[in-house]
Structure formats: C-alpha cells, structure tokens
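Trainee: take a look and give me a structure for this.
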Amino acid sequence: MGSKVEDTDSVARLIEQLAGDDAARREKSRQALVQLGGADVTRALVASLLDPHPHVRWEAAKALQSIADSVAAPALMHALDDEDEDVRWVAAEALIALEKAGLVTVLSGLISRAGSVAFCTSAHHVLHEMKKFAAVVAPVIRALEQSEPAVAAPPAAYKVLVALNGEPAAD
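Mentor: Numbering: from 1, shown residues only. Below you'll find the model as predicted:
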C-alpha cells in the first residue's frame with residue numbers, strides 16, 4: 001500500500017498526462033484515474049475542468065462521468081457553459097450519471113444561468129435524458145423549448161426543485 005504522498009504524486013502525474021497530444025495516452029491516464037477513484041482524484045479532476053486546454057477538460061469530465069461522485073456536480077454544472085461544445089456534452093453526460101444529484105444541480109443552475117444559450121441547451125440535454133424524472137421535469141423542458149427560455153426556465157426550475165424537496169410551491 002502506497003503512502004498518501006505517493007498517491008498524490010501519482011494523481012498529479014496522471015492529470016498532467018491528460019494534457020498530452022497522444023489521445024491513447026490521455027485515455028489510458030483517464031482510465032487509471034477512474035480506477036484510482038477517491039476524493040483526491042475527484043478534486044484533481046474538478047480542478048482540471050478549468051484547464052485552458054479543451055481536451056483536458058473533456059477528459060476530466062469523462063472521468064467524472066465514470067466515477068459518478070456527486071461532489072463534482074457543481075463543477076460539472078459550470079462546465080455546461082464551457083466554450084467547447086464537446087466539453088459541454090460530456091459534462092452533461094456526467095451530470096446524467098449522477099441521477100438526482102445531477103438533476104438538482106442542473107435545476108439550481110437554470111435559476112441563475114438561463115441567460116446562457118449554451119447552458120440552456122446543455123441543461124435541456126440533461127433533463128431530456130433523465131427518463132426516470134421525465135414527468136417531473138417536463139415543465140422545465142417545455143420552458144427551455146420556448147422562444148424565451150431565459151424568462152420561462154428559472155421559475156419552472158424553481159417549482160420543480162421545490163416539488164422535489166416535498167414542499168408546496170409558492171405561486
């Protein structure tokens with residue numbers, strides 16, 4: 001069994017390899033990170049979602065999808081507004097993997113970020129793919145499909161969040 005310092009060094013090395021030009025090596029590093037798992041790996045991958053290189057952000061989101069640790073939900077929610085469409089897609093897939101934690105995070109994000117077209121498009125994907133919550137999120141999906149989702153989505157998301165918490169929604 002390795003020491004904490006060795007584990008931290010190993011995680012740092014693997015994260016560093018996500019920035020390389022060799023896609024096969026990046027994938028191998030990502031898979032090694034997923035195998036390691038744990039809080040240190042999740043923290044390092046969350047930090048990597050802010051990396052200037054899109055392929056590092058993509059690899060981090062993809063690893064977080066496999067790890068499915070709800071601690072990463074807020075960072076993945078922010079990645080729904082990433083400048084790179086592929087990163088947004090993988091972040092959405094990672095939030096889908098988080099099920100209810102991902103759902104609650106996306107709904108919370110819609111309350112304040114519905115002014116972003118990229119965020120709304122990504123949020124729509126997440127909500128649409130959460131089949132188990134289809135009936136609950138239907139009003140939010142309809143709001144996102146309206147001509148002005150920035151206006152319609154926040155109150156719809158709020159009402160669903162309140163319903164998920166078992167409280168009556170204020171009109």
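Trainee: and the pLDDT at the residue nearest to the spatial centre of the chain?
Mentor: When the chain is reduced to its mean C-alpha position, the nearest residue by CA atoms, centre = their mean turns out to be Leu76, at 2.7 Å. Note for Leu76: predicted pLDDT of 98.
Trainee: nearest residue to Thr42 other than its sequence neighbours?
Mentor: Asp69 (4.7 Å; CB to CB, 6 or more residues apart in numbering). C-beta coordinates here come from the backbone N, C-alpha and C atoms, glycine included.
Trainee: so how far is stretch 18-32 from its chain's centroid?
Mentor: Relative to its parent chain, stretch 18-32 has a centroid offset of 20 Å by CA atoms, centre = their mean, to the nearest Å.
Trainee: buried sites along it?
Mentor: Leu18, Arg26, Ser29, Arg30, Ala32 (16 or more other CB atoms under 10 Å).
Trainee: angles on the backbone of the residue nearest to Thr42, please.
Mentor: phi -100, psi 120 (degrees, to the nearest 10).
Trainee: ends of stretch 124-133, how far apart?
Mentor: 13 Å (CA to CA, to the nearest Å).
Trainee: quick one: average confidence on that stretch?
Mentor: Average pLDDT, stretch 124-133: 97.
Trainee: hmm, who's touching it?
Mentor: For stretch 124-133, contacts defined as CB atoms under 8 Å, 6 or more residues apart in numbering pick out 80, 89, 92, 95-96, 99-100, 102-103, 106, 137, 140-141, 144-145.
Trainee: need the three-state assignment for the residue nearest to the centre of the chain.
Mentor: helix (DSSP: H, G, I helix; E, B strand; the rest coil).
Trainee: in contact with it: list those residues for me.
Mentor: Leu49, Ala61, Leu64, Ala91, Ala94, Leu95, Leu98, Gly102, Thr105.
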